[in-house]
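> got a sequence here, can you build the structure:
(2 chains)
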Amino acid sequence: MADRQEIQLDAGEQSERKISSLTARASAYAARIRELLGRLTVRESYLFLFLSMVIGVLAGLLVVCFEVAIDSMRIWFLGSALSPTPLRTLLVPTIAGIFVALLVIWVFPMVRGSGVNQTKSAVYIYDGYVPFSTVIGKFITCALAIGCGFSLGPEDPSLQMGAGIASAIGRRLRLSKEKTRLLAPVGAAAGLAAAFNAPISAVLFVIEEVIGSWSAGGLGGLILAAGSSVVVMRQFLGNQSILRVPAIPNFTPPELIGYAVLGVFGGFASLIFLKFLAFVRPRLRRLSPWTHYLQPAVAGLLIGLIGLFFPQVMGAGYIYADQILHGQYGWQKMGILGGMKILATGVAFVSGTPGGLFAPVTFIGAALGGAVGGAEHLFLHHLAAGSVSTFALVGVGTLFAGFLRVPITSVFIAIELSGNYNIIIPVLVSNTIAYVISRRYQSVPLFDLLSRQEGIELPSIEEQREQPVLRVEHAMNPPPVPVVRSEMLVAEAMATADSANAASLLVRFPSGRWVALDRTELLRFFEGDGHTRKLADVLAGHWLPTVHPDQPLDSALGLVQGRPLVPVVSRVDSGKLEGVLTLDAVLNAYRDASLDPGNGSSAAVP
Amino acid sequence: MQKAREQIRRGVERAAELWSREAVLLTALVALVGMFAVTKVAVNFYSTRRAHLGRMWFNRGVQALKASQANLAIEDLRTSLSYDPDSSECQFRLAQALAAANRLDEAESYFKALLNSPPDNGQTNSKALLISSAGSGEINLELARLEARKDDSDAVNYYNNAIYGVWYSAGGVSPLERRWQARMELTHYWLSQHNIPQAQSELLALAANVPPGDYARRTEVAQLQLQAQAPRPALAQFQQALREKLRYPPALEGAGSAEIAIENYRDAIPYLQDAALLDPKNAQARKQLALAELVVASDPFTFGLGERERADRAISALRQAQAALSGCATQRGVSLQAKPAQGVLQQTWSWGQQMLPLTRRLSRNPRNVLEVMKFASTAEDLVASECGPLQGKDQALWLIGKKYNLMQASSPSGK
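Have a look, this model is predicted:
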């Protein structure tokens, strides 16, 4: 018995030893692998670019699945015919509205709205944090709503889903806060690019609307992500643009008047749409909570009612936008369709149903452009000698400028959709007019408006553009101290300081470098044996930083701190002094600018 | 044991901590591969379903188009197109349906889009390749038809593009034949535009390209040449067709008509007799035969005719012309006896009265036969212009006058 116990003990010890040796070997292997991985470890900036590509591919795959889900829902619930039967037209969006409301209220409360301003909030407020549940929720609820006929689009949700994927990866990788904050827009660009099949416009939109500034920090990542997501999307769903644009004829200068008229109509149509959202959305949100369960269903019913007469307004509407581009409707019909789509989209959006505005805006723009072009073609032929299709395409850009208020994206979207640069001048004319009209009568842009309705104040690129840009030239003054050459003897410099009764001197070296010389220090050189030496011999190495007159004042602020002055030199000749900058002068310039904001804007340098 | 387990757990945790970034990247890559696979399966299923739906709606659309239900065809084909937007065949059929529904602008837009699409269009469907591209004969022909319906001058360009465009065999019809048919349509277009010289030049090209032995098509060309006021080439084609198919009724009738058109009435008779004999129901051939016989029987200038017979025919022509004038005057409510003669009918009647003394010396003075026939044909021409188309012997006299150029300048048609 005792022997057996001994044997068992031995066996236990042996196995423990074995495990210990295994653990030790495992640790050794682990250390080795860690070392190997350590060699492979890359700098965060390279990792960021690699991640951008991975995020782009993931977002592209997700968007492909999303598109498939939306269309499959449509086929299942509304039927495979282009125009659903009246019963389905009425019932499907209504019932879907109930389900969407339940999902949004109970399961995915973060998925309301389009997704653009939510992503922007994530970037600015939550350090790029987008919960992964939002990705799932957005996918399910939007696929259900859009597939069942709600007049909303898949692009903005794709943008948010892309941001969600990027955010999840960034968090898991424990990247720096700055990089994590940048990853969300990268994912957003990837999602939008794949959904709209327009990588340039997606990057520009994210810069204009989500990031809000033209910093080059994340630009490489944005482009990589957008490019890779579009490649993936095209791999699965084909190269075809979302709209098949017919050939665009060249335009003649008088036709620009016709496009200007389109700009006016586009501006006011955008305004109507914006005012509708601005007026109705907050009121519906303030209604009793139980009504929030019914709002999407009521919206669905209203859309169904419109869809009975105009089935074109249901869903994202790309098929019909395509038909508009091919001149398949008369101008009156296109005008009515544009109006009905505004109503249907407005109703769907204010009800809190998740879904995007890009697709409806594309439809409305095409319909409006087609209507205006068609009418001009009929009544003022010399103003619209081009095809109605061209007007429809320009109309898309016009609505992007007037409604979404993304002027740069609006130009590129038309070019990217058409693949034709002939359209650029008409688009510029029409978009500018629409943008100006929209801004004149609706000061707050759409996505800022939606954020403010939710009680969030986010920076707006449109407002930033209005900020006065202060430059060094606004704060610089003539040098308050004598300027001497470095070839001067210390004794001569002392005499100059004495005669000017100056506390310091500014010494210019032949190389264009500058040194500030305090009188006490000068005295020290003078009293020693250095008074017969040149300033260059005793001062070399104490260089002052220099600035140029056109540099932003922000960039100079850090340089003036802790220094009596900073020389402002010419860009052509760094030895030529234009003035000096002091901390007091900088602060005074900022104070003056805050008192008179209009003053600085004239200083804006392109 | 416990200690060892704890060691392992701690080691794994430490390793996970140290490698977390790499592990996450690895997980992301694995997720990427997994998602790729899932997406591939989903898209395959989805594409198959869409392709099936696209085909189903396309077939329905084509059936509706064949059944002349253009609006239904448009709906179905549009639905099909929503599943397969790249299908140039579907776009082509949709454009045809739109044209059939008289929605010409929309149809034109589709055809032009097809014309501007690249030849390969990124498709593997060989049938689609036949349709798209700028040089497509089929699309150009459809566009030509549309423009012709809209009476647009671009029709000619599209017809020419179609004739010289790319064609493929379809339904057992060779490209040459389809090109020939396109030229035939262009000829019809020129004829509808009354542009006879252009029609004639196209007909020459058509005639030159009729395959040997294809008598039906040759006859078709010859009939058009007849319409295009080219009776001599038409006759040659009819005769060629008859060499290829002896006693082919349309060619016989056409040859008879061509002979009448070139005023060889005697030569027309055997063709028309054969045509009427082969197809007794052919009223047109019989009518033309009767006319040709009447012309031959009434012509006083026929070679080898005796003096007496020549005089009798002239007198008969004079009486016939006077009767026609009288009938026309009654129809118009004009009195032919009014003095002095004022209207053209009265003046011509008066001229006829002056011819009566000549009838006594007709057999002795053949020149009087000519004068009488001049009056008869001029009078018949006047009756035709004042009182409508001529029939029977009146028509025959008019044709005799036309053949020998007897009508006077004062007559309406001679002006």
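> isn't residue B:54 up against residue B:80?
Yes. Between residue B:54 and residue B:80 a contact is recorded at 5.1 Å, counting by CB atoms under 8 Å. Just so you know, the C-beta spots here come from the backbone N, C-alpha and C atoms, and that holds for glycine as well.
> overlap of the contact sets of those two?
Residues touching both residue B:54 and residue B:80 comprise B:87, B:90, with contact defined as CB atoms under 8 Å, 6 or more residues apart in numbering or on different chains.
> which of these two has more neighbours?
Ranked by neighbour count (other CB atoms under 10 Å in any protein chain shown), residue B:54 and residue B:80 place residue B:80 first, with 28 against 20.
> whichever strand or helix holds that one: which residues count as buried?
Per DSSP states H and E: residue B:80 is located in helix B:70-83. Within helix B:70-83, the residues that qualify as buried are B:70, B:72-83, counting by 16 or more other CB atoms under 10 Å in any protein chain shown.
> so residue B:301 sits against residue B:404, correct?
Yes. Shown here, residue B:301 and residue B:404 form a contact pair, counting by CB under 8 Å, at 6.2 Å.
> what's the overlap in contacts for the two?
residue B:373.
> and the longest helix that chain B contains, how far from the chain's centre?
In chain B, with assignment by DSSP state H, the single longest helix is helix B:20-66. The chain centroid and the centroid of helix B:20-66 are separated by 48 Å under CA atoms, centre = their mean, to the nearest Å.
> that one vs helix B:70-83, what angle?
160 degrees (axes from the mean of the first three to the mean of the last three CA atoms, to 10 degrees).
> packing partners of helix B:20-66?
helix A:44-73, helix A:155-172, helix A:219-237, helix B:70-83, helix B:88-100 (3 or more CB pairs under 8 Å, 6 or more residues apart in numbering or on different chains; DSSP states H and E).
> ok, so of the buried residues of helix B:70-83, who is nearest residue B:175?
Checking the buried residues of helix B:70-83 against residue B:175 with CB to CB, the nearest one is residue B:77 at 25.9 Å.
> touching, the closest one and residue B:61? I think so.
Yes. Using CB under 8 Å, residue B:77 makes contact with residue B:61 at a distance of 3.6 Å.
> overlap in contacts of those two?
Common neighbours of residue B:77 and residue B:61 (CB under 8 Å, 6+ apart) are B:90, B:93-94, B:97.
> kindly reformat the residues you listed as a markdown table containing neighbour count and pLDDT.
Listed next are the shared contacts of residue B:77 and residue B:61 as a markdown table, based on neighbours: other CB atoms under 10 Å in any protein chain shown; pLDDT from 0 to 100:
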| residue | neighbour count | pLDDT |
| --- | --- | --- |
| B:90 | 27 | 90 |
| B:93 | 24 | 91 |
| B:94 | 28 | 91 |
| B:97 | 27 | 93 |
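> can you list the domains in the chain?
Picked chain A for this. A:1-41, A:44-237, A:255-466, A:472-601 (automatic domain parsing).
> the chain in question should be chain B.
B:38-134, B:194-298, B:307-414.
> residue A:394 is nearest to which of the helices and strands packed on helix B:20-66?
Among the helices and strands packed on helix B:20-66, the nearest to residue A:394 by CB to CB is helix A:155-172 (19.9 Å).
> and the closest one, what does it pack against?
helix A:44-73, helix A:116-124, helix A:132-147, helix A:177-196, helix A:219-237, helix A:358-379, helix B:20-66.
> deepest of those, which one?
Ranked by mean neighbour count, the helices and strands packed on helix A:155-172 are led by helix A:177-196 with a mean of 30 (mean count of other CB atoms under 10 Å in any protein chain shown).
> pLDDT of that helix, averaged?
Throughout helix A:177-196, pLDDT has a mean value of 89.
> what of stretch B:371-382?
88.
> follow-up on the earlier one: helices and strands around the helix holding residue B:80, which ones?
When contacts are defined as 3+ CB pairs under 8 Å, 6+ apart, helix B:70-83 sits against helix B:20-66, helix B:88-100.
> how near is residue B:203 to residue B:187?
To residue B:187, residue B:203 is 6 Å away according to CB to CB, to the nearest Å.
> show me the common contact partners of the two, please.
Going by CB under 8 Å, 6+ apart, residues that sit against residue B:203 and also against residue B:187 are B:224, B:228.
> residue B:392 against residue B:293, yeah?
No. With contacts counted by CB under 8 Å, residue B:392 stays clear of residue B:293, the gap being 11.1 Å.
> tell me which residues touch residue A:262, please.
A:368-369, A:372-373, A:391, A:394-395, A:398, A:430.
> switch to 6 Å and redo it
A:369, A:372, A:430 (CB atoms under 6 Å, 6 or more residues apart in numbering or on different chains).
> any idea how far chain B is from it?
19 Å (CB to the nearest CB, to the nearest Å).
> so what's residue A:267 closest to, chain neighbours aside?
residue A:437 (2.8 Å; CB to CB, 6 or more residues apart in numbering or on different chains).
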